[in-house]
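Student: with the sequence up front, the predicted model follows.
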Amino acid sequence: MNRQRIKKQKPRSDDDRGQWANKREYILVLAGDVVGLGNVWRFPYLCYKNGGGAFLVPYGLFAVFTGIPLFLLEISMGQYTQEGFITCWTKLCPLAMGIGFGELMILFCNITYILIEVWALFYLVFSFRSQLPWATCNNTWNTADCLDLQMFNSTNMTTNHTKRTSAAVEFWERRMLGMSGGIEELGSVRWELALCLLVSWVICYFSIWKGVRSTGKAAYFTATFPYLMLLILLIRGLTLPGASEGIYYYLYPDINRLADLEVWIEAGSQILFSYSVTAGVLKVLGSYNDYNNNCYKDCLWICLLNSGTSFVAGFVVFSVLGFMAHKQGVSVDTVTDSGPGLAFIAYPQATALMPLPQFWTVCFFLMLMLLTVDSHFIAVESIFTSVSDLFPTLLRAPVNHKIFVLISCISFFLLHLTLVTEGGIYMYQLIEYYGATRVCMNIVALTECLALGWIFGADKLSNIIEDMTGHRPSVFFKLCWKFVVPLLSLMSVVLYLVDYQHLKINDYVYPDWAYALGWTMTFSSVVMVPLWAAGLMCFTPGTFRQRLSVLCRPAEDPAWQRRKMLEETTTDELILAERT
């Protein structure tokens, strides 16, 4: 009985901050966060581009030596401190609190991925038409150079030395985006996209307005339904003619590519992006757990689910691309693409060539939309949680929290209207390319491991995880936190800077001020770490050595020490304390 009462003791009441209703909701939200767009449109293309099956070697090694150790590190940080990704550092290493503000800047850039949700919703609405508009050239927005999908092949691509474009490309560029000449010409707001943007933010608001309670309930649908769609599309894809050729292109191993350093860098970046580490979200999700939750086991299963989903998604994508190449009489490499080109041009083209095209198109865009929905509202919830933990008295009250969430969602909606203008695609690509690059992610990973592995102490962190879960992490994790992850992260940053190339869209080159804006976004997260450390050193009283000593140790006694003190307290003393 004494143990049972002790387990209920918490640094603060559940009513103040909230907690997951049950373990199932936590797992669903966690899975919804890490399984997203990177699994469907980034991993398959990277695998094909970087040696097919051979790419799985560096991918697997980075998953083991970088992804899983960082995943465990961040989840355990949140669960131990019961704080968001900013204030959690006060209980670990206050000097490194700038890492939390750096993650905040990364998340601000990441939530622009709501634009993918907007595009998917737009395509989903048009998928219910009797004739898919991206399949023919009989529309008002089509040009004289447009080619119907039935005629779109390598021999018809050029006529009289004029390059032809497919109906799918013209629907993407002319009907939905209404692309202007560049970022200098933002133009007018596309009202249909603005309406889809409004719907997306309304969905986000009602998914998080009550905190983790509503987030957990929303995940029952948003985290599970995409898997049903993925299964349906997988079965259909594998039964299509030409599917085997597409899968061959996807998995055929080119061992020689393993000698290319860029392949290894791409694998490491994909792990950081796909596992959702270095963005602060995992810390927030872990912070709503019970102190004794087995985050060690959760980490291994969720990482396995993430990589497994990426691998299966490759079969879904390339079986359909193989079918498309078979129908058009071209090789698979002529129809492959990455990012928006894969999801909104290549894949819709392929589904339009199938029997019952509307059904398969609806399945695909519904899956794509839901994959984006949960990643979006989880990221926004992480921001609100961390800001609320900074100002608990003001923002943690239920009414104040709902008002804060509503005002923030309206502000984000108004800000994101720039992304649904005629030049919005140029703004989106700039934010995606510079706002959350591998430079930002790797510097966060580097500083995080230095702060916890060396300053706070990898041994102390292992003690905490053992106290929470009952299982002591392998010495392998300690070696990764102290040596492997910092070294690989530093190498990745250096190689990125050496091989840096300016962003381009087709033949469009951004103006110099746009590149300056992009690098400003990059450094906005990077400089937070040294700037915040310098500020704390300036405003903390004492000599330099005294200030450094104070800022390098937790501001509060570790939770596992508090628990040991509680275990030594008698039941009568606990009852008396509660009455007091």
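Tutor: Right, received. Where do you want to start?
Student: what ranges does the stretch 201-350 of the chain have for its helices?
Tutor: 212-222, 225-238, 243-251, 261-274, 281-287, 295-328, 340-341, 347-352 (DSSP state H, counting those that start in this stretch).
Student: among the ones you listed, which is nearest residue 136?
Tutor: helix 347-352 (9.0 Å; CB to CB). Glycine gets a C-beta too; all of them are placed from N, C-alpha and C.
Student: pipe the helices of the stretch 201-350 of the chain into JSON lines and attach distance to residue 29 per row.
Tutor: Formatted as JSON lines, these follow (distance: least, CB to CB, whole Å):
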{"stretch": "helix 212-222", "distance to residue 29": "4"}
{"stretch": "helix 225-238", "distance to residue 29": "14"}
{"stretch": "helix 243-251", "distance to residue 29": "30"}
{"stretch": "helix 261-274", "distance to residue 29": "17"}
{"stretch": "helix 281-287", "distance to residue 29": "6"}
{"stretch": "helix 295-328", "distance to residue 29": "11"}
{"stretch": "helix 340-341", "distance to residue 29": "26"}
{"stretch": "helix 347-352", "distance to residue 29": "27"}
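Student: tell me which of these sits most buried.
Tutor: Among the helices of the stretch 201-350 of the chain, helix 281-287 has the highest mean neighbour count (mean count of other CB atoms under 10 Å), at a mean of 28.
Student: so which elements touch that helix?
Tutor: Helix 281-287 sits against helix 23-34, helix 68-81, helix 357-390, with contacts defined as 3 or more CB pairs under 8 Å, 6 or more residues apart in numbering; DSSP states H and E.
Student: which of those is buried the deepest?
Tutor: helix 68-81 (a mean of 26).
Student: if you compare the directions of that helix and helix 261-274, what angle comes out?
Tutor: 20 degrees (axes from the mean of the first three to the mean of the last three CA atoms, to 10 degrees).
Student: next, the angle helix 68-81 makes with the next helix-or-strand element following helix 68-81.
Tutor: Sequence order places helix 98-110 as the next helix or strand after helix 68-81, per DSSP states H and E. With the same axes, to 10 degrees defining the directions, helix 98-110 sits at 110 degrees from helix 68-81.
Student: what does helix 98-110 rub up against?
Tutor: Outside helix 98-110, the residues that touch it by CB atoms under 8 Å, 6 or more residues apart in numbering are 84-89, 278-281, 379, 382-383, 386, 431-432, 435-436, 440-441, 443-444, 447-448, 451, 521, 524-526, 528-533.
Student: of these, just the buried ones, ChimeraX syntax please.
Tutor: Buried residues within those, by 16 or more other CB atoms under 10 Å, are selected in ChimeraX with:
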select :84,85,86,87,88,89,278,279,280,281,379,382,383,386,431,432,435,436,440,441,443,444,447,448,451,521,524,525,526,528,529,532,533
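Student: now the weakest link among the helices of the stretch 201-350 of the chain, please, by mean pLDDT.
Tutor: Here the lowest mean pLDDT among the helices of the stretch 201-350 of the chain goes to helix 340-341, at a mean of 78.
Student: what's that helix packed up against?
Tutor: On the basis of 3+ CB pairs under 8 Å, 6+ apart, helix 340-341 makes packing contacts with no helix or strand.
Student: repeat the analysis, applying 10 Å as the threshold.
Tutor: In terms of contacts (3 or more CB pairs under 10 Å, 6 or more residues apart in numbering; DSSP states H and E), helix 340-341 is packed against helix 114-126, helix 424-435.
Student: ok, then the element right after the last one?
Tutor: Scanning forward in sequence from helix 424-435, with DSSP H and E defining helices and strands, the next element found is helix 438-449.
Student: any idea how far the next helix or strand after that following helix is from the middle of the chain?
Tutor: Sequence order places helix 458-469 as the next helix or strand after helix 438-449, per DSSP H and E. Offset of helix 458-469 from its chain centre (CA atoms, centre = their mean, to the nearest Å): 27 Å.
Student: may I see the buried residues of helix 458-469?
Tutor: In helix 458-469, the ones that count as buried by 16+ other CB under 10 Å are 458, 461, 462, 463, 464, 465, 467, 468, 469.
Student: of these, closest to residue 405?
Tutor: After measuring the buried residues of helix 458-469 against residue 405 - CB to CB - the closest member comes out as residue 468, at 29.7 Å.
Student: which residues does residue 321 contact?
Tutor: By CB atoms under 10 Å, 6 or more residues apart in numbering, residue 321 lies in contact with 44-45, 48, 237, 242-243, 245-247, 249-250, 332-337, 342, 346-347, 349-350.
Student: repeat for residue 517
Tutor: 183, 427, 430, 431, 434, 510, 511 are the contacts of residue 517 under CB under 10 Å, 6+ apart.
Student: let's see 7 Å
Tutor: Residues near residue 517 by CB atoms under 7 Å, 6 or more residues apart in numbering: residue 430.
Student: excluding its backbone neighbours, what's nearest residue 526?
Tutor: residue 443 (5.3 Å; CB to CB, 6 or more residues apart in numbering).
Student: wait, residue 200
Tutor: Leaving aside its chain neighbours, residue 200 sits nearest to residue 117 (4.9 Å; criterion: CB to CB, 6+ apart).
Student: burial count for that neighbour?
Tutor: 26 (other CB atoms under 10 Å).
Student: can you add distance to residue 230 and mean pLDDT and give the helices and strands packed on helix 281-287 back as CSV?
Tutor: Listed next are the helices and strands packed on helix 281-287 as CSV, based on distance: least, CB to CB, whole Å; pLDDT from 0 to 100:
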stretch, distance to residue 230, mean pLDDT
helix 23-34, 13, 93
helix 68-81, 22, 96
helix 357-390, 6, 93
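Student: returning to that earlier point: and of the helices and strands packed on helix 340-341, who's closest to residue 410?
Tutor: Here helix 114-126 is closest among the helices and strands packed on helix 340-341 (CB to CB), at 13.9 Å.
Student: contacts for that closest one next, please.
Tutor: Counting by CB under 7 Å, 6+ apart, 37, 133, 176, 192-193, 196-197, 199-200, 344, 348, 362, 365-366, 368-369, 372-373, 376, 416, 419-420, 428 sit against helix 114-126.
Student: got the angle for that helix vs helix 357-390?
Tutor: Going by the same axes, to 10 degrees, helix 114-126 makes 150 degrees with helix 357-390.
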